[in-house]
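Colleague: Need a 3D model of the following:
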Amino acid sequence: MAGRIEDYALIGDMQTAALVCRDGTVDWLCLPRFDSHSIFAGLLGTEEHGFWRLGPAHASDAEPPAAARRGYRGDSLILESEWDTPRGTVRVTDFMPPREGAPQLIRIVEGVTGRVPMRSALRMRFSYGRVVPWVHRHDGRTVAVAGPDSVWYDTECETYGKGLTTYSDFTVAPGDRIAFTISWEPSHKQPPALPEPEQSLQATEDFWREWVEHCTYHGPYREAVIRSLITLKALTYAPTGGIVAAPTTSLPEDIGGVRNWDYRYTWLRDAAITLTSLLRTGYREEARAWREWLLRAVAGDPDNLQIMYGIAGERELGEAELDWLPGYENSAPVRVGNGAAHQLQLDVYGEVTEALHLAHMTGLARNDYASLLQLKLIRYLEKHWQEPDEGIWEVRGPRRHFVHSKVMAWVAVDRTIKLIESGDADGPLERWRELRDDIHRDVCEKGYDKERNTFTQSYGSKELDASLLLIPQMGFLPPDDKRVIGTIEAIQRELSTPDGFILRYPTEGESEGVDGLPGDEGAFLACSFWMADDLAMIGRVDEARKLFEKLLSLRNDLGLLAEEWDPRRQRQVGNFPQAFSHVPLIDTALRLTASGAYGG
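Modeller: Predicted structure coming up:
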């Protein structure tokens, strides 16, 4: 059985990522890309669907001991786990070197004290746990082959096969360092080069140290900010600049429920807000690469903007269910692909335009096609902003006139007007100023409940929605506007959990709610960070700081956050780690630091 979501660590090479549990088991890895088929899918099934366990030998492989200590080596993505056993202490270092050739996952075992018996158990299952590969020896190396894929396993230890699993049993003493590596290569090509684990370890450490040095934030929350930035960098697909929302699929928002989605794609919204956080902390190269990815992804057809694309800009992300996988803690179905790709979500125009605007304001070199794209997006909005859509939360119920979508349409027009006013683009300035005013008036008339003094989820509805917290942050209304304050206080009353965290919107239990799905979900962590932001903006800075630091306490021991927090089970839920949680963590830290609202 897979561990709790917060029991996992992330390692990756900025093209794919693996999740490593406290007991030394790699339960999730897709090769060669984030969105490729997995070779380890134990996270969404059982050990029969693939895993790689490396740790102290134990009487029962079914109950391996958890590490006594673990942590990342400095500001890096190199994981170090230590076990204390009756026979001594051992350390395992796990990492994936930034890729120059074949993708690799390297695990180095180091004796610390005593003599510790160890075991490596490697069970590769291709195609999300469905295909048992042909494992054999080739020129002294172990290779697993199935269809287009081959995975090469290299170690100085002796190996043996049993129960369709490759084992190594060995003992380490102080000073011993024994490496294990798997490398992926297309099965029709020559074998990958032999790994050089120690050199790769040093190169990986150097990469992360140099990258972190570019961070311009040096405030009181630096540890949390740096770990979030490293996580966002790990979710960036280096060859194209695309940014995945999370490296996993189908980790449930409601354990045992059906709210299980594939997040291994580039949502324009998630990528745009990730970009803004990177820009605010000094990372302009990532901004440039993402802008180039965006221009390629939408090239030739900006009127048919999708809400998400593949990490190389692919448009077809057809959704399918993997019925042979039981799902994380029996949360079925397990889905790959995402049918929401062709939804209409008008807010993405605002997020993309805001990201392009911030890139322009922070001095990123001008790109004429980016400005042209921005103008084309506004021309599309001119014709379509009055239509209902599926909204930021990708509801699978009927389309509605979501207030947040209209606000972000206003943002798109407003930022484009600023671009024209700066002299860096040409457009119908007066006409778009009128359009900006029309959208603003429409929202304030149709999306605001005067009796309750709050904006609502959609036109004519009574429900609230945490996305309304972005109204002051986007500059749609000033923070001291009574309608903004009323909305913040209404969301606190109606969408707060007993712990004080914020739900996205009301759900209806077993009945289908506004999102067209049965079941409930946890508190959406991004929404809770937005609340802390808003509280700081309206002067309630002490309350904002307390909420922010309470949110920081939800991170696992490695500083990682999933998408949501389950207040009933007191645990993380949803895909992990989630960019949409780490981005607002950074933004709120920056705001609180600027306001001086921090303790200690």
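Colleague: residue ranges for the helices of the stretch 51-200 of the chain, please.
Modeller: For the stretch 51-200 of the chain, applying DSSP state H, counting those that start in this stretch gives helices covering 126-129, 197-212.
Colleague: most packed of the ones you listed?
Modeller: When the helices of the stretch 51-200 of the chain are scored by mean count of other C-beta atoms under 10 Å, the highest mean neighbour count falls to helix 126-129 (a mean of 23). Quick note: C-beta positions are derived from backbone N, CA and C, even for glycine.
Colleague: Which elements pack onto the helix or strand harbouring Arg545?
Modeller: Assigned by DSSP states H and E, Arg545 belongs to helix 541-552. Contacts defined by 3 or more C-beta pairs under 8 Å, 6 or more residues apart in numbering; DSSP states H and E place helix 541-552 against helix 525-537, helix 579-595.
Colleague: what is the rounded mean pLDDT of the last one?
Modeller: In this case it means helix 579-595. Averaged across helix 579-595, pLDDT comes to 95.
Colleague: Can you list the strands that the next helix or strand after the helix holding Arg545 pairs with?
Modeller: Proceeding N to C from helix 541-552, the next assigned helix or strand is strand 564-566, under DSSP H and E. When pairing is defined by DSSP bridges, strand 564-566 lines up against strand 523-524 (antiparallel), strand 571-573 (antiparallel).
Colleague: Contacts for strand 564-566 next, please.
Modeller: 253, 255, 499, 501, 521-525, 528, 554, 571-574 (C-beta atoms under 8 Å, 6 or more residues apart in numbering).
Colleague: coming back round to it: right, so of the strands paired with strand 564-566, which gets closest to Glu158?
Modeller: Proximity to Glu158, assessed across the strands paired with strand 564-566 by C-beta to C-beta, is greatest for strand 571-573 (39.1 Å).
Colleague: Touching that closest one from outside, list them.
Modeller: 4-6, 251-255, 521-522, 554, 556, 561-566.
Colleague: Equivalent analysis for stretch 530-539, please.
Modeller: Counting by C-beta under 8 Å, 6+ apart, 466, 469-470, 472-473, 479-480, 484-485, 488, 491-492, 502, 541, 543-545, 547-548, 551, 584, 587-588, 591-592, 595, 597 sit against stretch 530-539.
Colleague: Just the buried residues out of those, in ChimeraX syntax.
Modeller: Burial among those is assessed by 16 or more other C-beta atoms under 10 Å; the matching ChimeraX selection reads:
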select :466,469,470,472,479,484,485,488,491,502,541,543,544,545,547,548,551,584,587,588,591,592,597
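Colleague: what about the helices of the stretch 51-200 of the chain, which gets the closest to Val116?
Modeller: Between the helices of the stretch 51-200 of the chain, helix 197-212 lies closest to Val116; by C-beta to C-beta that is 19.3 Å.
Colleague: Report the mean per-residue pLDDT for whichever helix or strand comes after the closest one.
Modeller: Counting by DSSP H and E, the next helix or strand C-terminal to helix 197-212 is helix 222-234. In this model, helix 222-234 has a mean pLDDT of 98.
Colleague: And stretch 373-380, by the same measure?
Modeller: Mean predicted lDDT for stretch 373-380 stands at 92.
Colleague: got the buried residues for that stretch?
Modeller: By 16+ other C-beta under 10 Å, the buried positions in stretch 373-380 come out as Leu373, Gln374, Leu375, Leu377, Ile378, Tyr380.
Colleague: Going by distance to Thr216, which of the residues you listed wins?
Modeller: Gln374 (26.1 Å).
Colleague: Now do the helix or strand harbouring that closest one: which elements does it pack against?
Modeller: For Gln374, the host element (DSSP H and E) is helix 368-384. The contact analysis (3+ C-beta pairs under 8 Å, 6+ apart) places helix 368-384 against helix 284-298, helix 347-361, helix 403-421, helix 429-446.
Colleague: Show me which residues of the third one are buried.
Modeller: Put plainly, it is helix 403-421. In helix 403-421, counting by 16+ other C-beta under 10 Å, buried: 403-417, 419-420.
Colleague: That one to helix 368-384, inter-axis angle?
Modeller: 130 degrees (axes from the mean of the first three to the mean of the last three C-alpha atoms, to 10 degrees).
Colleague: hey, C-alpha coordinates of helix 403-421 in CSV?
Modeller: The C-alpha trace of helix 403-421 is given here as CSV (Å, rounded to 0.1, in the frame of the first residue of the first chain):
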residue,chain,number,x,y,z
VAL,A,403,-17.6,36.4,-11.7
HIS,A,404,-13.9,35.5,-11.6
SER,A,405,-13.8,34.8,-15.3
LYS,A,406,-15.3,38.3,-16.0
VAL,A,407,-12.8,39.9,-13.6
MET,A,408,-9.9,38.3,-15.3
ALA,A,409,-11.3,39.3,-18.7
TRP,A,410,-11.2,42.9,-17.3
VAL,A,411,-7.5,42.2,-16.2
ALA,A,412,-6.6,41.1,-19.8
VAL,A,413,-8.1,44.3,-21.3
ASP,A,414,-6.6,46.5,-18.6
ARG,A,415,-3.0,45.2,-19.0
THR,A,416,-3.3,45.5,-22.7
ILE,A,417,-4.4,49.1,-22.4
LYS,A,418,-1.3,49.7,-20.3
LEU,A,419,0.9,48.1,-23.0
ILE,A,420,-0.5,50.4,-25.6
GLU,A,421,-0.2,53.4,-23.3
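Colleague: Poorly predicted segments of this protein, please.
Modeller: 1, 59-62, 300, 302, 508-520, 597-600 (pLDDT under 70).
Colleague: number of nearby residues for His136?
Modeller: Using other C-beta atoms under 10 Å as the criterion, His136 is surrounded by 11 other residues.
Colleague: And for the one 5 residues further on?
Modeller: Residue neighbour count, defined by other C-beta under 10 Å, stands at 15 for Arg141.
Colleague: Kindly report the same for Glu63.
Modeller: 8.
Colleague: Same question for Ala536.
Modeller: 23.
Colleague: Name the nearest residue to it, sequence neighbours excluded.
Modeller: In space, and not counting its chain neighbours, Ala536 is closest to Ala544: 3.9 Å by C-beta to C-beta, 6 or more residues apart in numbering.
Colleague: Pull up the gap between Gly256 and Leu322, please.
Modeller: 17 Å (C-beta to C-beta, to the nearest Å).
Colleague: Repeat that for Ala526.
Modeller: Distance from Ala526 to Leu322, by C-beta to C-beta: 28 Å.
Colleague: Who has more neighbours out of the two?
Modeller: Ala526 (27 against 22).
Colleague: so how far is Ala425 from that one?
Modeller: Using C-beta to C-beta, Ala526 is found at 31 Å from Ala425.
Colleague: what's the answer for Gly55, then?
Modeller: Distance of Gly55 to Ala425, computed by C-beta to C-beta: 58 Å.
Colleague: Compare the two (neighbour count), which wins?
Modeller: Gly55 (25 against 19).
Colleague: picking that back up, closest to Leu19 out of the strands paired with strand 564-566?
Modeller: Of the strands paired with strand 564-566, nearest to Leu19 by C-beta to C-beta is strand 571-573, at 12.7 Å.
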